[in-house]
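> Please work out how this folds:
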Amino acid sequence: MPVVGIVHHRGRKTGRPYATPLGIRPAAAGGFVMPLTFGKSADWYRNTAAAGWCVITWRGADHTMASPAIVDRATALPAFPRYERLALQAIGINEFVWLRDAPVSPKGGLTSPLH
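Residues are numbered from 1 along each chain as shown. Model (predicted):
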């Protein structure tokens with residue numbers, strides 16, 4: 001499915017690698033946006049926010065992403081086709097996460113979430 005990507009992240013407490021399938025869309029301004037369907041308490045979001053980065057596998061390619069930011073519906077919805085925008089509005093999704101391309105590979109002792 002082209003809308004599903006995998007967010008690779010590490011547990012903020014355990015350090016264990018995780019892979020979470022999510023609905024993801026490329027953002028017009030760069031990076032990717034995804035609905036925050038289960039809110040800010042979702043572990044994938046908390047782990048990514050704590051680390052400041054993750055790796056997204058989208059259409060078979062890995063993308064190192066950084067600077068997760070919560071954005072509103074008006075900012076995120078242009079990335080989604082009309083039928084998905086309508087569905088997201090109908091189920092009341094108002095918050096999205098926008099991840100931007102990492103300027104360089106994460107350093108400082110971070111280990112890739114892919115390994």
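> show me the contacts for Arg100.
Applying C-beta atoms under 8 Å, 6 or more residues apart in numbering to Arg100 gives the contacts Gly30, Gly31, Met65, Ala66, Ser67, Ala69. (Each C-beta comes from the backbone N, C-alpha and C, glycine too.)
> element containing the fourth one?
Remark: Ala66 resides in strand 61-72, with elements defined by DSSP states H and E.
> Which is the succeeding secondary structure element to that strand?
Next helix or strand after strand 61-72 toward the C-terminus (DSSP H and E): helix 73-76.
> which residues make contact with whichever helix or strand comes after that next one from outside it?
As assigned by DSSP H and E, the chain's next helix or strand after helix 73-76 is helix 82-90. Helix 82-90 is contacted by residues Val3, Gly23, Arg25, Pro35, Arg73, Leu77, Phe80 when judged by C-beta under 8 Å, 6+ apart.
> got the buried residues for whichever helix or strand comes after helix 82-90?
On the C-terminal side of helix 82-90, the closest following helix or strand by DSSP H and E is strand 95-101. Across strand 95-101, burial judged by 16 or more other C-beta atoms under 10 Å covers Phe96, Val97, Trp98, Leu99, Arg100.
> nearest to Trp58, of these?
Taking C-beta to C-beta as the measure, Trp58 lies nearest Leu99 of these, at 10.8 Å.
> Now that closest one: closest residue in space, sequence neighbours ignored.
Nearest non-adjacent residue to Leu99, counting by C-beta to C-beta, 6 or more residues apart in numbering: Met65, 3.7 Å away.
> could you check the distance from the one you found over to Ala90?
For Met65, the distance to Ala90 equals 28 Å [C-beta to C-beta, to the nearest Å].
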